[in-house]
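Undergrad: Here is my input; please provide its structure:
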Amino acid sequence: MTRSSRDKLNSFHLGGSIGIAAIVAAFSGSWLLFLLVAAALTGAAVISGEVRPPRR
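TA: I've put the predicted structure just below:
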């Protein structure tokens, strides 16, 4: 299965969001903060259009 450019960009944005959330959580030592930051960054990426749903 080949991955399209859209799939690659989506995974890059989501991976970056989780990576940033992991760094923030590591400094604070809080799993709850990890979940909140990951959800906020992922939600912001979806709302702003950086993460695009697959075509129909």
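
Undergrad: doesn't residue 48 make contact with residue 13?
TA: No. The pair residue 13 / residue 48 is not scored as a contact, 9.7 Å apart, by C-beta atoms under 8 Å. To be clear about C-beta, it is placed using only N, CA and C from the backbone, and glycine gets the same treatment.

Undergrad: Between those two, point out the one with more neighbours.
TA: Between residue 13 and residue 48, counting by other C-beta atoms under 10 Å, residue 13 is the more crowded of the two (19 against 9).

Undergrad: Mind telling me what element the more buried one is part of?
TA: helix 5-28 (DSSP states H and E).

Undergrad: Mean confidence (pLDDT) on that helix, please.
TA: Helix 5-28 comes out with an average pLDDT of 94.

Undergrad: Next, the buried residues of it.
TA: Judged by neighbour count (16 or more other C-beta atoms under 10 Å), helix 5-28 contains these buried residues: 10, 13, 14, 17, 21, 24, 25.

Undergrad: what about the last one, distance to residue 40?
TA: Distance of residue 25 to residue 40, given as C-beta to C-beta, to the nearest Å: 12 Å.

Undergrad: can you tell me which residue is nearest the centre of the protein?
TA: With distances taken as C-alpha atoms, centre = their mean, residue 14 lies nearest the centre of the chain, 2.6 Å away.
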